[in-house]
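Engineer: Below are the sequence and a predicted model; questions follow.
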Amino acid sequence: MKIHEYQAKELFNKAGIATPAAKVCKRKEEISNIVATMQMPLAVKAQVHAGGRGKGGGVVLATTTEEAETAANKILGMQLITKQTGKQGTRVNTILFEQGVKLAQELYLSMLIDREHGDIVIIGSRDGGMDIETVAEETPERIITVHVNPLLGLQGYQVRELIYGLQLQGDLAGSFAALIKKLFALFMEYDCSLVEINPLAVTEDNEIIPLDAKMDIDSNSLFRHPDILAMHDSSEEDELETAAASYGLNYIRLDGTIGSMVNGAGLAMATMDLIKQAGVEPANFLDVGGGASAEMVENGFRIIVSDPNVQAIFINIFGGILRCDTLAEGVVAAARKVGLSLPVVVRMEGTNVEKGREILAQSGLNLTSATDLRHAADLLAAI
């Protein structure tokens, strides 16, 4: 689960990691009063679950009260578009006013799970800021990586490796060492999959301060963290994904035109590959589970057809616990109930498959049975 920058910084401060003075604003009527209580310069920052806010106009440094109020009124309520939001963008419902600092240098620092190595990797760079992706692509030698065994914890020599790589000296090296230890403890305590600070500022007063904060917490651990669960912002989630979750469906919205419904996560991944191999793009990942009921199939249809980009639907089912004839009856009933008009390709194998295909054929609906995966691919390619 992602949380907002201001929420992550609340956790930073709780862990003893100092951040600039800041205030949160959710209503335009509050802007003038908040700005009047703060000193210039101010950073006015959109609070959304996406990176690239600065390039999208979601972060503005104001040097006067008028500039701060103008920027805040523009950002709050805007549809912010970045590389991570897609073309539709995301609405800014909250902004953060943050005290400006005198920058001497911008560093980059992050921690994340490295599933390939089965450990935690700490990534640092002397080239922090908005163009860190370019640094990683064009000058990867300027990126420092340190792998930490989560069972052993962060070791002193690893801290020194980061300090040396970032070329920090004297008091600054000591400040960084204290910060990285606290940040690692925070990462472990809250079951994080990502903590990122970009930029990590070195000020003219030789202090080291996080100017940004991103945190992603493993959703499976939220039963241990009611304080994090209380930070959940459903407005940042796709409305169809939220609706699907309420039905107990595993659904992720994508950018394609072919909706899919599958029973089993592995089969769902293979189905998306098949759709792409057919020359079209998947519109979603939807796993209804091995024991899907007619109600779940109906709700799955409702979710898929609610996406205006969907032009056809591919149902790929292996009938084991869920018999093919039971599935076919559920598909027909659900299609009639939701008034389905889109073409549907159904590939099913398993228990009572012939009976299932017969039910589809006799339904009178626009349901086409595929005999195998190759046939299904041909049918999808022809849509």
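Structural biologist: Yep, that arrived.

Engineer: domain assignment for the protein?
Structural biologist: 21-99, 103-229, 239-381 (automatic domain parsing).

Engineer: for those, which one sits closest to residue 9?
Structural biologist: With CB to CB, the closest approach to residue 9 among the domains of the chain belongs to domain 103-229: 4.9 Å. Heads up, the C-betas are built off the backbone N, CA and C, glycines and all.

Engineer: Let me know the average pLDDT across the closest one.
Structural biologist: The pLDDT scores in domain 103-229 average 93.

Engineer: is it fair to say residue 86 lies in a helix?
Structural biologist: No. Per DSSP: H, G, I helix; E, B strand; the rest coil, residue 86 lies outside any helix segment and is coil.

Engineer: from here on, count from 53
Structural biologist: That works, and once the first residue is 53, the last one we named lands at residue 138.

Engineer: quick one on the thing from earlier: pipe the domains of the chain into JSON lines and attach distance to residue 58 and mean neighbour count per row.
Structural biologist: What follows is the domains of the chain, written out as JSON lines (distance: least, CB to CB, whole Å; neighbours: other CB atoms under 10 Å):
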{"stretch": "domain 73-151", "distance to residue 58": "5", "mean neighbour count": "18"}
{"stretch": "domain 155-281", "distance to residue 58": "8", "mean neighbour count": "17"}
{"stretch": "domain 291-433", "distance to residue 58": "22", "mean neighbour count": "18"}
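
Engineer: Tabulate the ones you listed in JSON lines, adding columns for distance to residue 60.
Structural biologist: Putting the domains of the chain into JSON lines (distance: least, CB to CB, whole Å) gives the following:
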{"stretch": "domain 73-151", "distance to residue 60": "10"}
{"stretch": "domain 155-281", "distance to residue 60": "4"}
{"stretch": "domain 291-433", "distance to residue 60": "22"}
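
Engineer: mind listing the strands in the stretch 53-202 of the chain by residue range?
Structural biologist: Remark: strands assigned in the stretch 53-202 of the chain by DSSP state E, counting those that start in this stretch are 54-55, 74-77, 94-98, 111-114, 131-132, 142-143, 147-151, 155-166, 171-177, 195-200.

Engineer: contacting residues around the third one?
Structural biologist: This means strand 94-98. 57, 87, 105, 110-114, 120, 123-124, 127, 130, 132, 144, 146-152, 263 (CB atoms under 8 Å, 6 or more residues apart in numbering).

Engineer: give the contact list for the closest residue to residue 393 other than its chain neighbours.
Structural biologist: If the residues on either side of it in the chain are set aside, residue 393 comes closest to residue 418, at 7.3 Å by CB to CB, 6 or more residues apart in numbering. Residues in contact with residue 418 (CB under 8 Å, 6+ apart) are 392-396.

Engineer: Residue 195: which of these is nearest?
Structural biologist: For the contacts of residue 418, the nearest to residue 195 is residue 394 (46.1 Å; CB to CB).

Engineer: show me the contacts for that closest one.
Structural biologist: Residue 394 touches 311, 357, 362-365, 418, counting by CB under 8 Å, 6+ apart.

Engineer: try residue 179
Structural biologist: 158, 160, 187, 191, 194.

Engineer: where's residue 429, which helix or strand?
Structural biologist: Taking DSSP states H and E as the criterion, residue 429 maps to helix 425-433.

Engineer: Give me the average confidence score over that helix.
Structural biologist: pLDDT averaged over helix 425-433 gives 83.

Engineer: Just give the closest residue to residue 181, not the sequence neighbours.
Structural biologist: residue 158 (4.6 Å).

Engineer: Is the one you found in contact with residue 182, as I believe?
Structural biologist: No. Using CB atoms under 8 Å, residue 158 is not in contact with residue 182, being 9.2 Å away.

Engineer: Going by residue numbers, what spans are helices in the chain?
Structural biologist: 57-66, 83-88, 117-127, 184-190, 208-217, 222-241, 278-281, 291-298, 317-329, 346-357, 376-389, 405-413, 425-433 (DSSP state H).

Engineer: Out of those helices, flag the one nearest residue 259.
Structural biologist: Comparing the helices of the chain by CB to CB, helix 222-241 comes nearest, at 6.8 Å.

Engineer: Which elements pack onto the closest one?
Structural biologist: helix 57-66, strand 155-166, strand 171-177, helix 208-217, strand 244-255, strand 260-262 (3 or more CB pairs under 8 Å, 6 or more residues apart in numbering; DSSP states H and E).

Engineer: now the ones you listed in CSV, with distance to residue 226?
Structural biologist: Listed next are these as CSV, based on distance: least, CB to CB, whole Å:
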stretch, distance to residue 226
helix 57-66, 18
strand 155-166, 15
strand 171-177, 16
helix 208-217, 9
strand 244-255, 13
strand 260-262, 10
